[in-house]
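Q: Quick one: sequence plus predicted model below, questions after.
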Amino acid sequence: MRFEISKVLDAIEGRVCTDPSLARAVLDLAEVIRYQDLDGGRPASLLRLGMVIDALSRQMEEDSVPVYAVVHRALLSDADLTSNERMVVRRWADDGLVEVLDNPGDRMLEVADLLGLPVLTRVRFDGLRGRFPWLVEQPGRVLAPVPGAGGPVFVAHVGGGPTPVEGDRSPAGAKLLARQWRCPEPGCALFGGGGGGGAFADLARVERAPAGQPPPALRNGVPTCPRHGTRLGDAGPRPRSEVLAVRIGGLVRRRFVLTEEQPVLVGRAPDASGGIVLGQWLNDEARRWISRSHLRLELRVGEVIVTDVSTNGSGIRPHGSMTEAERVPLAPNQSRVLGGADMVELYPGVQVGRAGELPTGAPFTPTSVMAEAPTMAMRLPRP
Ligand SMILES: [Zn+2]
């Protein structure tokens, strides 16, 4: 049991992040872990976060949708959590996967406003409608996770539907996210720069590429570290990045960020760190066809360059066209610029393209390329 719970917590860890390009909804961890009515279990449980993330995934018809969690600092020592859960949350905090705050206040709504994300909460924010008009003007921007038949379901605060709605980044958010920021506090997990920090500070620094920095808080118009309350220094323009997605059998399995700093390998099981592993979603035939490292993707002066590094080759589908006659072969060792809506196809039904151009839950399902593995890896133990 203990081992299984650790595995579930590891799976959840892959779904929390403060990267503005990858997070798909904002929530307050202290609130979500106390949704006792979801399972009738302990007063607080980190597994409820997994249940809510699963529900988001089902609603968005997409695998691996990460959430942006704001965390009250008191949670790191909350006696209602198990010691294992507290340790996990502290690790997330050290790694900058969650945003820890002395007083979250309305930070959850600020993040949602800056990034244009939906909010998952049962709290009503009647007093803040003036500052965040989308609370009432955009049905589906704020959803309450409530108990449902097969796990939590969502009910929109306005409009009542179950579908999370993404908005645009606010003008302030777009401005803040055009720059990179530096916190003067040593070892800051969110806007790191100085030395020191927790046991995981080195790891956090490696993983916190400038392109993935969270949005600063705005205090009286001044970009501020939400964790330390310090004024952030402007460290220059944020490096360019492109959000790509892998779609398998018509369903987006995961998104990833391509930066100019480092190419990304995609394949059955690429050796390089940061590679996108597809193996778990492939059937035997697709697994035989697709090489361990099949594609190399690079971002060069804003253009996505795809190079086939496989044994069997790939194909380009211009503008996402599913017409066979329009498919352009991409032979091994050939490179090509991936146009705006182009997709590269490793095997029928296994595609990579820009996340914004790759609809998910599409009716296109060839003879299943899906592995036996369930869509979501999480199996929640009954309390
Ligand atoms: Zn800081």
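A: Here it is on my side, so go on.

Q: Isn't residue 33 up against residue 44?
A: Yes - the pair residue 33 and residue 44 qualifies as a contact (C-beta atoms under 8 Å) at a distance of 4.6 Å. Every C-beta, even on glycine, is put in place using the N, C-alpha and C of the backbone.

Q: Mutual contacts of these two, please.
A: Jointly contacting residue 33 and residue 44 under the rule C-beta atoms under 8 Å, 6 or more residues apart in numbering are residue 81.

Q: When those two are compared, which one has more neighbours?
A: residue 33 (25 against 20; other C-beta atoms under 10 Å).

Q: give the contact list for that one.
A: Here residue 33 is in contact with 44-46, 48-49, 75, 81 (criterion: C-beta under 8 Å, 6+ apart).

Q: mind running it again at 6 Å?
A: Taking C-beta atoms under 6 Å, 6 or more residues apart in numbering as the criterion, residue 33 is in contact with 44-46, 48.

Q: all strands for the stretch 101-250 of the chain, in order.
A: Here the stretch 101-250 of the chain has its strands, by DSSP state E, counting those that start in this stretch, at 119-120, 142-146, 153-156, 179-182, 217-219, 222-224, 233-237, 241-248.

Q: Between the contacts of residue 33, which sits nearest the ion?
A: residue 46 (24.4 Å; C-beta to the ion).

Q: didn't the closest one look like it was pressed against residue 85?
A: Yes - using C-beta atoms under 6 Å, residue 46 makes contact with residue 85 at a distance of 4.4 Å.

Q: Can you tell me what sits against stretch 315-327?
A: 328-330, 341-345.

Q: Check stretch 132-141 too.
A: 109, 113, 118, 125, 129, 156, 158-159, 161, 163, 165, 167.

Q: just stretch 83-90 next, same as before
A: 9, 46, 76.

Q: Can I get it as PDB, trimmed to CA atoms?
A: The C-alpha trace of stretch 83-90 is given here as PDB (Å, rounded to 0.1, in the frame of the first residue of the first chain):
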ATOM      1  CA  SER A  83       4.800  12.600   6.900                       C
ATOM      2  CA  ASN A  84       5.300  11.100   3.400                       C
ATOM      3  CA  GLU A  85       2.900  13.600   1.900                       C
ATOM      4  CA  ARG A  86       4.600  16.500   3.700                       C
ATOM      5  CA  MET A  87       7.900  15.400   2.500                       C
ATOM      6  CA  VAL A  88       6.600  15.200  -1.100                       C
ATOM      7  CA  VAL A  89       5.100  18.700  -0.900                       C
ATOM      8  CA  ARG A  90       8.400  20.100   0.500                       C
END
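
Q: thinking in terms of the whole chain, how far from its middle is that stretch?
A: Relative to its chain's centre, stretch 83-90 lies at 21 Å (C-alpha atoms, centre = their mean, to the nearest Å).

Q: Repeat that for stretch 120-138.
A: 23 Å.

Q: Next, the buried residues of that stretch.
A: Neighbour counts using 16 or more other C-beta atoms under 10 Å place 120-122, 125, 132, 134-135, 138 of stretch 120-138 among the buried residues.

Q: Straight-line length of that stretch, end to end?
A: Distance across stretch 120-138, first residue to last, is 14 Å (C-alpha to C-alpha, to the nearest Å).

Q: Show me what the mean pLDDT comes to for that stretch.
A: The average pLDDT within stretch 120-138 is 93.

Q: Next: stretch 58-72.
A: Stretch 58-72 comes out with an average pLDDT of 92.

Q: tell me the phi and psi of the residue in the stretch 201-350 of the chain positioned nearest to the ion?
A: Relative to the ion, the nearest point of the stretch 201-350 of the chain is residue 225 (3.3 Å; C-beta to the ion). Per-residue torsions, residue 225: phi -70, psi 120 (degrees, to the nearest 10).

Q: Same check on the one 4 residues further on?
A: As for residue 229, its main-chain torsions (degrees, to the nearest 10) stand at phi 70, psi 10.

Q: again with residue 82
A: Main-chain dihedrals, residue 82, degrees, to the nearest 10: phi -70, psi 160.

Q: The contacts of stretch 315-327 in strands, which ones?
A: Cross-referencing those against strands under DSSP state E gives 328-330, 343-345.

Q: Counting neighbours, which of the residues you listed end up buried?
A: Buried members of the ones in strands among the contacts of stretch 315-327, counted by 16+ other C-beta under 10 Å: 330, 343-345.
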